[in-house]
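**Q** Take this sequence and fold it.
(one chain, ligands or ions: 2)
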Amino acid sequence: MSPLGNDSRFTAVLFLSFGGPERTVDVLPFLENVTRGRGVPRGRLDEVAEHYYHFGGASPINGLNRDMIVALRTGLAERGRDDLPVYFGNRNWDPYVEDVLVQIYRDGHRRILVFATSAWGGYSGCTQYHEDIARAVADLAQREPGSVDDPVLLRKLPQYWAEEAFLDAETDAVRRAVADLPDPDGEFRLVFTAHSIPTRADQAIGGGLYSRQVAQASAAVARRLTRAGAEAGTDYDQVWQSRSGPPEVAWLEPDIADHLRVLAESGVEQVVVAPIGFVSDHLEVVWDLDNELADLATDLGLAYVRADTVGTDPRFTDLVAAIVDRYADGYGDLDAPGCGDNGAGCRSGCCGPS
Ligand SMILES: CC1=C(CCC(=O)O)c2cc3nc(cc4[nH]c(cc5[nH]c(cc1n2)c(C)c5CCC(=O)O)c(CCC(=O)O)c4C)C(CCC(=O)O)=C3C
Ligand SMILES: [Fe+2]
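**A** Ligands and ions are numbered 1, 2, ... in the order given. This next block holds a predicted model:
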């Protein structure tokens, strides 16, 4: 080690995401990957496949992640961290995290920070990313037997839903959406939306950790939006979208489509929908919100504007760079929610079973 060296420094970043198909023939195999062992009915898969076919069989998610990585590299360079290469890996589609880890290892890296694109705790948002890391590390032991004696350390970075920059970027996205309403000075309803999950899955981790975080983040954004004529932070709703699974299984509610109908019946004329649960305009945003929900709003006679996701705001990629910077020399807080090593789960215990 050189006199200025630091053995606990990280030398690479793995940007870990959900993944999506880029060709029609890949749609069903991708959906089978996503839903393996999860009891999602075949009919639901065929229905969701149609959403992907509508976009030529390609999800925008990989391209959006690549754009975020380019911006992240800039943010790292601005912090003097241009020596940290950023790799891109996914859970459900190519480039698979297992393959990327082999590449990272062959490139000589042993200490790797992992940024997962989900902001949230809970099984789908956090635990499952730890599982992806654990799977990739186990796979590496098979494919690079030398890694048993010369091991890797993959440290998952913390959940970022409570970070000021995330909430500020989300707040500005809502402000821009309001400005796009037909009557920006008139009354409107603000509706936050995130991916629904089964209520049992929500309860199983921290007794509703995920739903509480989404509620708190929505409240924090609403508080930032001081609006004339309304008590700040009170005139919004927070709902759920994109449920799957058999109908007899309970998922977080209300569903956003049902909620839009209720709003229309109660005389609301303008609605801003803020997809706070997602970082980029991937398929669950461009299909579920920009197509299905927009059509429903038209049928209901509602003026409807969907707020941007934060992934397009440079403050968001700068936040990711800042989080990487916090941990890059090995000193970040390991007990921050979401943080943990080699897929063992959050060290704080937040996303373990309760
Ligand atoms: C909490 C949460 C997030 C946010 C956190 C995060 O960002 O990670 C999220 C993100 C995403 N979900 C996505 C896509 C899908 N999710 C599915 C299914 C499911 N999601 C769930 C939860 C979540 N999902 C759950 C409980 C299921 C049921 C099956 C299971 O328990 O796993 C299915 C299967 C078909 C269906 O059932 O709809 C698809 C295709 C895409 C990519 C879109 C694209 O391709 O552009 C993204 C970013
Ligand atoms: Fe999902």
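
**Q** And the helices in the stretch 151-300 of the chain?
**A** Here the stretch 151-300 of the chain has its helices, by DSSP state H, counting those that start in this stretch, at 164-179, 199-204, 209-224, 256-265, 283-286, 294-300.

**Q** can you tell which of these is closest to Gly19?
**A** helix 283-286 (11.4 Å; Cβ to Cβ). All C-beta atoms are positioned from the backbone trio N, CA, C, and that covers glycine.

**Q** The closest one: which residues count as buried?
**A** The neighbour-count check on helix 283-286 (16 or more other Cβ atoms under 10 Å) flags 283-286 as buried.

**Q** got a list of what the closest residue to ligand 1 within the chain touches?
**A** Distance from ligand 1 to each residue of the chain (Cβ to the nearest ligand atom) is smallest for Ser244, at 2.6 Å. By Cβ atoms under 8 Å, 6 or more residues apart in numbering, the residues touching Ser244 are 35, 40, 44, 48.

**Q** Let's see that with 7 Å instead.
**A** Listed by Cβ atoms under 7 Å, 6 or more residues apart in numbering, the contact set of Ser244 reads 40, 44.

**Q** The one 10 residues further on too?
**A** Each residue near Pro254 by Cβ under 7 Å, 6+ apart is listed here: 239-240.

**Q** of the buried residues of helix 283-286, closest to Tyr123?
**A** Glu284 (17.1 Å).

**Q** Let me see the domain layout of this structure.
**A** Following automatic domain parsing, the chain resolves into domains at 12-160+314-341, 164-310.

**Q** Format the helices of the stretch 151-300 of the chain as CSV; extra columns: mean pLDDT.
**A** Converted to CSV, the helices of the stretch 151-300 of the chain look like this (pLDDT from 0 to 100):
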stretch, mean pLDDT
helix 164-179, 97
helix 199-204, 96
helix 209-224, 96
helix 256-265, 98
helix 283-286, 94
helix 294-300, 97
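
**Q** would a markdown table of these with distance to ligand 1 be doable?
**A** Below are these laid out as a markdown table (distance: least, Cβ to the nearest ligand atom, whole Å):
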| stretch | distance to ligand 1 |
| --- | --- |
| helix 164-179 | 14 |
| helix 199-204 | 6 |
| helix 209-224 | 7 |
| helix 256-265 | 14 |
| helix 283-286 | 3 |
| helix 294-300 | 17 |
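
**Q** List the contacts of Leu302.
**A** Contacts of Leu302 (Cβ under 7 Å, 6+ apart): 260, 264, 268-269, 271.

**Q** Pipe those residues into CSV and attach neighbour count per row.
**A** Formatted as CSV, these follow (neighbours: other Cβ atoms under 10 Å):
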residue, neighbour count
Leu260, 24
Ala264, 17
Val268, 17
Glu269, 16
Val271, 24
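
**Q** So of those, which two are at opposite extremes in space?
**A** Leu260 and Glu269 (12.3 Å).

**Q** What parts of the chain come near ligand 1?
**A** Residues of the chain lying near ligand 1 by Cβ under 6 Å from any ligand atom: 18, 20, 31, 34-35, 38, 40, 44, 48, 59, 61, 117-118, 120, 124-125, 195, 197, 242, 244, 277, 282-284.

**Q** Name only those of those residues that count as buried.
**A** The buried subset of these (16+ other Cβ under 10 Å) comprises 18, 20, 31, 34-35, 40, 44, 48, 59, 61, 117-118, 120, 124-125, 195, 197, 242, 244, 277, 282-284.

**Q** Which ones among those lie within strands?
**A** His195 (DSSP state E).

**Q** just checking, what packs against the top helix by length along the chain?
**A** Of all the segments assigned as helix in the chain under DSSP state H, the longest by residue count is helix 61-78. Under the contact criterion of 3 or more Cβ pairs under 7 Å, 6 or more residues apart in numbering; DSSP states H and E, helix 61-78 touches strand 12-17, strand 86-90, helix 314-327.

**Q** per-residue confidence averaged over that helix?
**A** Taken as a whole, helix 61-78 has an average pLDDT of 98.

**Q** neighbouring contacts of it?
**A** Applying Cβ under 7 Å, 6+ apart, the external contacts of helix 61-78 come out as 15, 17-20, 22, 82, 84, 86, 88, 117, 280-283, 311, 314, 317-318, 320-321, 324.

**Q** Now the spatially most central residue of the chain: closest residue in space that isn't a chain neighbour?
**A** By Cα atoms, centre = their mean, the chain has its centre lying nearest to Ser118, at 2.8 Å. The spatially closest residue to Ser118, leaving aside those adjacent along the chain, is Gly125, at 4.0 Å (Cβ to Cβ, 6 or more residues apart in numbering).

**Q** The nearest residue to Gly122 once chain neighbours are set aside and Ile323: what is the separation?
**A** Distances taken as Cβ to Cβ, 6+ apart place Tyr210 nearest to Gly122, at 3.1 Å, with adjacent residues excluded. Distance, Tyr210 to Ile323, using Cβ to Cβ, to the nearest Å: 20 Å.

**Q** give me the low-pLDDT residue ranges for the protein?
**A** 1-6, 227-234, 353-354 (pLDDT under 70).
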